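S.K.: Below is the sequence, then the predicted model.
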Amino acid sequence: MQSPKYAVLQKIRNGKKTYGITPRIPGGFIKPDDLIKIAKVAQKYGGTLKITSGQRIAILGLESDDVAKVWKELGMEPAVLSPYSIKNVEICPASFCKRAKQNSLKLGMKLEKRFYGAPAPNRTKISVAGCRNACTSAYSKDIAVIADQDGYIVTVGGSAGFNPRLPNKIAEKLTEDEAFYMVEAIYDYYNEQAEMGEKLGHFIDKITIDKFRSDVIKKFKEKIKNKSIKT
């Protein structure tokens, strides 16, 4: 039997399968009415709610036949469209935080909109933080944008998974627009050059950080130049 769409197999007990789903909640910000709706739908179908590390709410323990019904009643997009895509953009509450050096919330939402479901060689996480405290575990993400007093820092290749890896700094003192185009340049280069199934950090180690940084900065400069021509 084929697994229901946009659901993950959670448990098999006495031959009985249960599934979990995760609706899309951009940046972890959700309206009260939508939060209430998630709770009511989960209650109706006997689901259990789990706050995930990716700033989302998962509904666990669903029967296979109920998954499509739950999605229909929620009326929400799935958080993950494919395991080979941008998984999510995690964002700290910068504009609500006294420690924020930049209002990175605006940039984070712009990146979330741009990269939601975008195909990638492997599951890829992006993080945006408003200061160097780097809430959202930014340094453990594939791509991170971290605000400082004099602009944005962009790092790549971080991982807290099975093979932990410290990130590499690609650029600093970027404006909001420059940080956006730098993330685009990193994504484009990774998509064009990496093998299917290859994590960003592993790809960087294979070609060396010096080559990666040099090639990405070249792409970044082309994007900035093209933007200037258009405007």
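M.R.: Arrived safely, thanks for sending. Source: prediction; values computed, not measured. Residues are numbered from 1 along each chain as shown.
S.K.: Look up the pLDDT of the residue positioned nearest the centre of the chain for me, please.
M.R.: Using Cα atoms, centre = their mean, the residue of the chain that lies closest to the mean C-alpha position is N88, 2.1 Å off. In this model, N88 is scored at 85, pLDDT.
S.K.: shouldn't it be in contact with T124?
M.R.: No. Look at N88 against T124 with Cβ atoms under 8 Å: they stay out of range, at 9.3 Å. The C-beta positions use only the backbone N, C-alpha and C, and glycine is treated the same way.
S.K.: can I assume I224 is in contact with E178?
M.R.: Yes. Using Cβ under 8 Å, I224 is in contact with E178, at 7.0 Å.
S.K.: if you count what's nearby, which of those two comes out ahead?
M.R.: Taking other Cβ atoms under 10 Å, I224 and E178 do not tie; E178 has more neighbours (18 against 15).
S.K.: quick one: that one and E73, what's the gap?
M.R.: Distance, E178 to E73, by Cβ to Cβ, to the nearest Å: 42 Å.
S.K.: just to revisit the earlier point, disregarding flanking residues, what is the spatial nearest neighbour of the residue nearest to the centre of the chain?
M.R.: G54 (4.9 Å; Cβ to Cβ, 6 or more residues apart in numbering).
S.K.: Helix, strand, or coil at the one you found?
M.R.: coil (DSSP: H, G, I helix; E, B strand; the rest coil).
S.K.: quick one: buried residues of the least confident helix or strand in the chain by mean pLDDT?
M.R.: Every helix and strand in the chain was compared by mean pLDDT, DSSP states H and E; the lowest is strand 8-13, with a mean of 84. Neighbour-count burial for strand 8-13, counted by 16 or more other Cβ atoms under 10 Å, picks out Q10.
S.K.: which helices and strands sit right next to it?
M.R.: Packing partners of strand 8-13 (3 or more Cβ pairs under 8 Å, 6 or more residues apart in numbering; DSSP states H and E): strand 16-21, strand 57-63.
S.K.: Just checking: what are the partner strands of it?
M.R.: The strands beside strand 8-13 in its sheet (DSSP bridges) come out as strand 16-21 (antiparallel).
S.K.: name the helices or strands packed onto the longest helix anywhere in the chain?
M.R.: What stands out as the longest helix in the chain, according to DSSP state H, is helix 209-230. If contacts are counted by 3+ Cβ pairs under 8 Å, 6+ apart, helix 209-230 sits against strand 168-174, helix 176-193.
S.K.: Run through who's touching that helix.
M.R.: 156-157, 168, 170-171, 177-178, 181-182, 184-186, 188-189, 193, 203-204 (Cβ atoms under 8 Å, 6 or more residues apart in numbering).
S.K.: I figured P23 hits V80, correct?
M.R.: No. With contact defined as Cβ under 8 Å, P23 does not count as touching V80 (10.4 Å).
S.K.: more crowded one of those two?
M.R.: For the pair P23 and V80, the greater number of neighbours falls to P23 (22 against 19), based on other Cβ under 10 Å.
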